[in-house]
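**Q** what follows is a protein structure lacking sequence information:
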Ligand code: URA
């Protein structure tokens, strides 16, 4: 949000007065004076006017969860347990899910309170690879990898999926890499080639890989290397 907006969101501060306070050098961002009214300031920065804090800095939080089957990728639900039920309440801090998994799917799930960062992970145009281990009901046909590489037409969204890669691991097992995260994307792709997904496990998103030693249902903070690995 622009600095002037943060000030003018304060009770009784007009946009004009906000700009005047900023121009007069009375406003600090992270304790440093800032005279640029249009400066973008996120929730992880503190803002003060004449030394009085009007926005306290939030603590950024980035977590990797090994999602078990049966948990909804949502923050609240009346019917089913959600992935947030697995996270200690003192870490909740407005967490959201960066790339959901279906209830039955397992594996790497990333939760954060940093929306700018998570958009880099999920925006189709950023093209971060998402890698899944897939088990299917029927043997995977020869044409499957070709069809995935060509992209498949999704009628509902009126779009063609980006080229995806399939590495066959067994008759009914494959590693699939996609660069988007459309609704039920992998299931729908297999459905389009006459097959059915019976198990789906996300192994990796970009350079962030699920630890093999992270037990199902456990989580850990991302390392700074992982956080900085996004473009
Ligand atoms: N594609 C799916 O169909 N389901 C998921 O959970 C993730 C990708």
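**A** Right, received. Where do you want to start? Computed from a predicted structure; not experimentally measured.
**Q** contacts only, for residue 218.
**A** Listed by CB atoms under 8 Å, 6 or more residues apart in numbering, the contact partners of residue 218 are 65, 66. All C-beta atoms are positioned from the backbone trio N, CA, C, and that covers glycine.
**Q** wait, what's in contact with the residue nearest the centre of the chain?
**A** Closest residue to the average C-alpha location of the chain: residue 98 at 1.5 Å, with CA atoms, centre = their mean. Residues counted as contacts of residue 98 (CB under 8 Å, 6+ apart) are 110, 111, 112, 117, 118, 121, 122, 205.
**Q** so residue 167 touches residue 173, yeah?
**A** No. Assessed by CB atoms under 8 Å, residue 167 is found out of contact with residue 173, at 9.8 Å.
**Q** higher neighbour count, these two?
**A** residue 173 (14 against 11; other CB atoms under 10 Å).
**Q** skipping adjacent residues, who's closest to that one in space?
**A** Spatial nearest neighbour of residue 173, excluding adjacent residues (CB to CB, 6 or more residues apart in numbering): residue 135 at 5.5 Å.
**Q** and that neighbour, bridged to which residues?
**A** residue 173, residue 199 (DSSP bridges).
**Q** let me see the contact set for the nearest residue to residue 59 once chain neighbours are set aside.
**A** Spatial nearest neighbour of residue 59, excluding adjacent residues (CB to CB, 6+ apart): residue 93 at 6.8 Å. Applying CB under 8 Å, 6+ apart to residue 93 gives the contacts 58, 59, 61, 113.
**Q** those in helices, which ones?
**A** Per DSSP state H, helices hold no members of these.
**Q** could you list the buried residues of stretch 13-25?
**A** 13, 18, 19, 21, 22 (16 or more other CB atoms under 10 Å).
**Q** if you could redo that for stretch 78-88, that was the one I meant.
**A** For stretch 78-88, the neighbour count (16+ other CB under 10 Å) marks 82, 83, 84, 86, 87 as buried.
**Q** return the residues of this structure in contact with the ligand.
**A** 101, 102, 105, 184, 185, 186, 187, 200 (CB under 6 Å from any ligand atom).
**Q** ignoring the adjacent residues along the chain, who's closest to residue 196?
**A** residue 137 (4.1 Å).
**Q** so where is this structure shaky, pLDDT-wise?
**A** Of all residues in the chain, none has pLDDT under 70.
**Q** domain-wise, how is it divided?
**A** Following automatic domain parsing, one finds the domains of the chain at 3-55, 62-227.
**Q** can you classify the residue nearest to the residue nearest to the centre of the chain when sequence neighbours are not counted as helix, strand or coil?
**A** In space, residue 98 comes closest to residue 118 once its chain neighbours are excluded; the distance is 3.7 Å by CB to CB, 6+ apart. Assigned by DSSP: H, G, I helix; E, B strand; the rest coil, the conformation of residue 118 is helix.
**Q** tell me how many other residues crowd residue 118.
**A** Residue 118: 19 neighbours (other CB under 10 Å).
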